[in-house]
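Asks: Got a predicted structure here, sequence first:
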Amino acid sequence: MNVRMNESRYIFPLSIQLPPVDNIYAQSMVEKFQLLQKYGFSGVELNITDLQTDPVDLKRYLGNFGLQMTMFATGGLAKKHNLTLAHEERRVRLKAVQTCRQIIEYAAECEAGVIFGFVKGAVGGDKEKAQRLFQESIGELGQDALKYKVPILIEATNHYESAVANTVEEAVSLIKDYNNPYLKVLPDTFHMNIEERSSFGTLLKYQEFYESLHISDNNRFFPGLGGLDFLSIFKFLVDLGYKGAVAIEGKIKYDFLSDLKISMGFLGPALSMVG
């Protein structure tokens with residue numbers, strides 16, 4: 001894999017996914033990056049809504065805050081342009097594939113991976129057909145991932161959000177036959193809390209298929225603002241020999257500053273204690 005995390009003060013390199021943004025250089029973003037630097041984050045998952053920002057400049061800019069773009073989160077761009085890799089209409093599906101090719105090239109310049117969450121496809125319709133069409137799209141994009149050495153992460157999202165891959169097992173089933181080292185899955189503690197019989201059992205069974213884990217509380221807010229036992233999760237990952245990263249992804253309850261302060265008041269010690 002070509003995604004390399006900056007040195008971390010925690011047992012797992014820590015990132016966070018930021019909401020969709022049109023201007024990455026806005027003052028509001030500067031304040032967020034400064035805050036992330038203060039709390040010892042290694043990277044950010046960016047929801048870039050267009051591809052006009054120069055990736056080399058972006059990489060250099062984030063470096064000023066000790067950060068790197070670890071993942072290109074496709075949700076913002078997919079929603080803006082109505083992109084679906086499992087759409088029944090071939091024309092619409094091919095448009096999504098072509099845009100994702102451009103995203104992969106962009107991510108390669110940033111030495112980042114790409115997350116396929118919302119772009120997988122929405123709820124409703126024929127689940128088996130949606131999975132088949134998505135798998136065809138992934139087969140094509142997997143070649144680009146190999147060419148540019150960019151990991152593609154298929155996020156397992158709950159059945160209220162997608163019909164394509166709700167469990168980690170379903171996400172794995174869509175990529176395993178390709179035997180492509182750049183096709184991975186992305187477990188998420190919030191979605192696993194809904195869909196999995198045992199989150200720990202799932203993380204153990206499919207450990208070879210993921211190198212990043214989204215951490216979000218049971219109410220979809222940042223860790224520490226809900227009821228999940230993240231200390232036990234981190235201890236489990238350590239015992240598992242997990243060498244990947246963790247990334248906060250969640251809704252805002254109060255405001256970004258307040259939520260991050262509360263979350264890091266818990267996560268900071270937890271990510272240090274397990275070491």
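Replies: Arrived safely.

Asks: distance of residue 158 from residue 208?
Replies: Using C-beta to C-beta, to the nearest Å, residue 158 is found at 23 Å from residue 208. C-beta coordinates here come from the backbone N, C-alpha and C atoms, glycine included.

Asks: So between those two, which is more surrounded?
Replies: Set side by side, residue 158 and residue 208 show more neighbours around residue 158, with 17 against 9, by other C-beta atoms under 10 Å.

Asks: correct me, but the more buried one touches residue 195?
Replies: Yes: Residue 158 lies in contact with residue 195 (C-beta atoms under 8 Å); the separation is 5.4 Å.

Asks: In the chain, where is pLDDT below threshold?
Replies: Applying pLDDT under 70 to the chain flags the ranges 1-7, 274-275.

Asks: Tell me which residue is most central in it.
Replies: Central residue of the chain (C-alpha atoms, centre = their mean): residue 115, 4.9 Å from the mean position.

Asks: Buried ones in the host helix or strand of that residue, by neighbour count?
Replies: Taking DSSP states H and E as the criterion, the element that holds residue 115 is strand 113-116. Within strand 113-116, the residues that count as buried by 16 or more other C-beta atoms under 10 Å are 113-116.

Asks: For that strand, C-alpha coordinates in CSV please.
Replies: Only the C-alpha atoms of strand 113-116 are listed here, as CSV (Å, rounded to 0.1, in the frame of the first residue of the first chain):
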residue,chain,number,x,y,z
GLY,A,113,-6.6,6.0,-0.4
VAL,A,114,-10.2,6.3,-1.7
ILE,A,115,-13.4,5.4,0.3
PHE,A,116,-16.5,4.1,-1.5
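
Asks: just checking, what packs against that strand?
Replies: Secondary-structure packing of strand 113-116 (3 or more C-beta pairs under 8 Å, 6 or more residues apart in numbering; DSSP states H and E): strand 68-73, helix 90-110, strand 152-155.

Asks: what are the pairing partners of that strand, and which direction each?
Replies: If you go by DSSP bridges, strand 113-116 pairs up with strand 68-73 (parallel), strand 152-155 (parallel).

Asks: which residues do residue 158 and residue 195 both contact?
Replies: Common contacts of residue 158 and residue 195 (C-beta atoms under 8 Å, 6 or more residues apart in numbering): residue 166.

Asks: Please compute how far the helix or strand containing residue 28 lies from its chain's middle.
Replies: Per DSSP H and E, residue 28 falls inside helix 27-38. Helix 27-38 sits 20 Å away from the centroid of its parent chain (C-alpha atoms, centre = their mean, to the nearest Å).

Asks: which outside residues touch that helix?
Replies: Contacts for helix 27-38 (C-beta under 8 Å, 6+ apart): 16, 18, 21, 23, 44, 62, 65-67, 256-257, 260.

Asks: and what of stretch 138-149?
Replies: For stretch 138-149, the external contacting residues (C-beta under 8 Å, 6+ apart) are 1-2, 85, 97, 100-101, 104-105, 107-108, 114, 116, 150-152, 154, 174-175, 178, 180, 182-183.

Asks: buried residues in it?
Replies: By neighbour count on 16+ other C-beta under 10 Å, the buried set for stretch 138-149 is 138, 141-142, 144-145, 148.
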